[in-house]
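**Q** model this:
(one chain, ligands or ions: 1)
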Amino acid sequence: MELANIIKHLGKPYFQASNCLIYNMDCLEAMAILPDKSIHLTVTSPPYNIGKEYEKQLPLDEYIEWCAKWIQEVYRLTTPTGAFWLNLGYLSLKDRAKAIPISYLLWNKIPFYLIQEIVWNYGAGVAGSKFFSPRNEKFLWYVKNPDDYTFNLDDIRDPNVKYPNQKKNGKIKVNPLGKNPTDVWEFPKVTSGQYRASKERTPHPAQFPIAVIQRIIKAASHQNQIILDPFMGSGTTAIVALELNRPVIGFEIRQDYCEIIANRIDNFLKDKSSRVEQMSLFI
Ligand SMILES: C[S@@+](CC[C@H](N)C(=O)[O-])C[C@H]1O[C@@H](n2cnc3c(N)ncnc32)[C@H](O)[C@@H]1O
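**A** Numbers count the residues shown, from 1 in each chain. Purely as a prediction, here's the structure:
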């Protein structure tokens, strides 16, 4: 599947660059128009139904049904060797839970095969007084076929090895590229505020850190395989995909966020081409 084919189905995008299409659309409506098995990897974080500025809070059963519907569409669009990486947090359940992992509520609604749950420890956050201070969200790694999926471990090894020269039978034991990064990932979240705002921060209130998405896209896809983010937000998935030479499609329901995405990608592409120009001066 080529991006040109996507345009045939969805029409003119809100924003287009080489290898990138952004649609100002409801993702459920947009995905319904796309053909089966046209996406290799979906990386996304949906609204959590917790009253953020970009969501309309629904009764819980309606929220769960809506999640089941869009996830079913992602499943249909995914190639037989493709994957789905889903970032989820918590919501409160009246009389039942202060903060239940949303993945518990979606467990039997997701048709994919679960490879693993990754704990993302994001560093700073609110301080608890009658409970432990929350410091994690989850990334759920799903595939279509547990016997045939992409895992490029060497591309994401962690070079921070404690005993790099450790030997076994006279041979260095540790992979020279580093160790497996494990299922607990420590990446600071994107913060706001006059003094502590992250460099990559945009006006979007719930932005993925670039480093997390880099690890996922490198691990779970190859160059030229199409990446999808149905809840594109500020465009993080798009700029990481472009940096890693993967074509990318995004849906975002709010036009003001589409504008953030368009500006962010434009700036990223300008930086990229000036980096290439500077490199060429040294060749
Ligand atoms: C948690 S944010 C995603 C943030 C994103 N991961 C980033 O790095 O910026 C969820 C986004 O989904 C968008 N959204 C909500 N419902 C949508 C829908 N039905 N279709 C497309 N986008 C939707 C919201 O406007 C919001 O920007």
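**Q** what about the strands in the stretch 1-150 of the chain?
**A** In the stretch 1-150 of the chain, the segments counted as strands under DSSP state E, counting those that start in this stretch are 15-17, 20-23, 39-44, 78-88, 90-93, 97-101, 113-121, 136-143.
**Q** export these to CSV and tack on distance to residue 180 and mean neighbour count?
**A** Just so you know, the C-beta spots here come from the backbone N, C-alpha and C atoms, and that holds for glycine as well. Formatted as CSV, the strands of the stretch 1-150 of the chain follow (distance: least, C-beta to C-beta, whole Å; neighbours: other C-beta atoms under 10 Å):
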stretch, distance to residue 180, mean neighbour count
strand 15-17, 34, 17
strand 20-23, 31, 24
strand 39-44, 20, 25
strand 78-88, 17, 22
strand 90-93, 27, 15
strand 97-101, 24, 14
strand 113-121, 12, 15
strand 136-143, 14, 21
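**Q** now those strands as CSV including mean pLDDT?
**A** Shown next, in CSV, are those (pLDDT from 0 to 100):
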stretch, mean pLDDT
strand 15-17, 97
strand 20-23, 98
strand 39-44, 98
strand 78-88, 98
strand 90-93, 96
strand 97-101, 96
strand 113-121, 98
strand 136-143, 98
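**Q** out of the ones you listed, which gets nearest to residue 6?
**A** strand 20-23 (6.0 Å; C-beta to C-beta).
**Q** who does that closest one pair up with?
**A** Sheet pairing of strand 20-23 (DSSP bridges) gives strand 15-17 (antiparallel), strand 248-251 (parallel).
**Q** the ligand: which of the ones you listed is closest?
**A** strand 248-251 (4.6 Å; C-beta to the nearest ligand atom).
**Q** and the closest one, how far out from the chain's middle?
**A** Chain-centre distance of strand 248-251: 12 Å, with C-alpha atoms, centre = their mean, to the nearest Å.
**Q** report pLDDT for the residue of the stretch 101-250 of the chain found nearest the ligand.
**A** The ligand sits closest to residue 233 of the stretch 101-250 of the chain, with a gap of 2.4 Å, by C-beta to the nearest ligand atom. The score at residue 233 is 98. That number is its pLDDT.
**Q** and it, how many neighbours?
**A** 24 (other C-beta atoms under 10 Å).
**Q** enumerate every residue touching it.
**A** By C-beta atoms under 8 Å, 6 or more residues apart in numbering, the contact list for residue 233 reads 45, 54, 204, 206, 207, 208, 252, 257, 261.
**Q** what sits against the residue in the stretch 51-200 of the chain that the ligand sits nearest to?
**A** Scanning the stretch 51-200 of the chain for the residue nearest the ligand gives residue 54, at 3.5 Å (criterion: C-beta to the nearest ligand atom). Contacts for residue 54 were tallied using C-beta under 8 Å, 6+ apart; they are 47, 205, 206, 233, 253, 254, 257.
**Q** go with 7 Å
**A** Shown in contact with residue 54 (C-beta atoms under 7 Å, 6 or more residues apart in numbering): 47, 254.
**Q** tell me the pLDDT of it.
**A** The model's pLDDT for residue 54 equals 96.
**Q** for the strands paired with strand 20-23, could you give me a markdown table that also reports distance to residue 273?
**A** Listed next are these as a markdown table, based on distance: least, C-beta to C-beta, whole Å:
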| stretch | distance to residue 273 |
| --- | --- |
| strand 15-17 | 11 |
| strand 248-251 | 18 |
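**Q** how about the ones you listed in TSV, adding distance to the ligand?
**A** Shown next, in TSV, are the strands paired with strand 20-23 (distance: least, C-beta to the nearest ligand atom, whole Å):
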stretch	distance to the ligand
strand 15-17	14
strand 248-251	5
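**Q** what about those strands, which gets the closest to residue 26?
**A** The nearest among these, by C-beta to C-beta, is strand 248-251 at 7.4 Å.
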